[in-house]
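Asks: Here is a sequence together with a model predicted from it:
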Amino acid sequence: MPVFEQLEKGTEIGRRDIAVTRTDLVKYAGASGDFNPIHWNNDFATSVELPGVIAHGMFTMGAAVQLVTDWAGDPGAVVDYQTRFTKPVPVADTTGTDEPGAVLEVVGTVGALDAEARTARIDLTVTAGGQRVLTKAQAVVRLA
């Protein structure tokens, strides 16, 4: 677990590439109950002017914050998490291969420190295919 006194604004806490497949989207749909066909049916997705099947926004948001919970060592230490969805994450059909349909690139940086509350705001930069897919992705972590 990170030590509050050792943190500095601007310090990178980590980075991670997250492979996403259409199978991941189907599993997430089952767990979340979100069976919107834009997340599994390419023909439907393109008929509503999307580039193809796209990842659920909440899937993307949840995958990104995993970097923070792993760094903090306790998911319960994350006391706030917010973002804005900027662009969809198209997930290509790579069924039958070892290739992901998309890759999320996540970088976490200490954006602010609050000594009185003993919290660190972690700013996440989340991209896919070179495009920023989440904006103002910020998690507040309470540290001992």
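Replies: Thanks, I have the structure now.
Asks: Kindly state the pLDDT recorded for the spatially most central residue of the chain?
Replies: By C-alpha atoms, centre = their mean, the chain has its centre lying nearest to residue 64, at 2.2 Å. pLDDT for residue 64: 98.
Asks: That one: which element?
Replies: Element membership for residue 64, per DSSP states H and E: helix 57-72.
Asks: if we can go back for a sec, ok, the residue nearest to the centre of the chain - contacts?
Replies: By C-beta atoms under 8 Å, 6 or more residues apart in numbering, the contact set of residue 64 is 18, 83, 104, 106, 124, 126, 134, 137. Every C-beta, even on glycine, is put in place using the N, C-alpha and C of the backbone.
Asks: Test of understanding: give the bridge partners of the fourth one.
Replies: Taking DSSP bridges, one finds residue 16, residue 126 as the beta-bridge partners of residue 106.
Asks: show me the contacts for it.
Replies: Taking C-beta under 8 Å, 6+ apart, we find residue 106 in contact with 15, 16, 17, 18, 63, 64, 67, 124, 125, 126.
Asks: Any chance of the backbone angles for the closest residue to residue 4 other than its chain neighbours?
Replies: Nearest residue to residue 4, sequence neighbours excluded (C-beta to C-beta, 6 or more residues apart in numbering): residue 143, at 4.3 Å. Per-residue torsions, residue 143: phi -110, psi 150 (degrees, to the nearest 10).
Asks: likewise residue 129?
Replies: Dihedral angles of residue 129 (phi, psi; degrees, to the nearest 10) stand at phi 60, psi 30.
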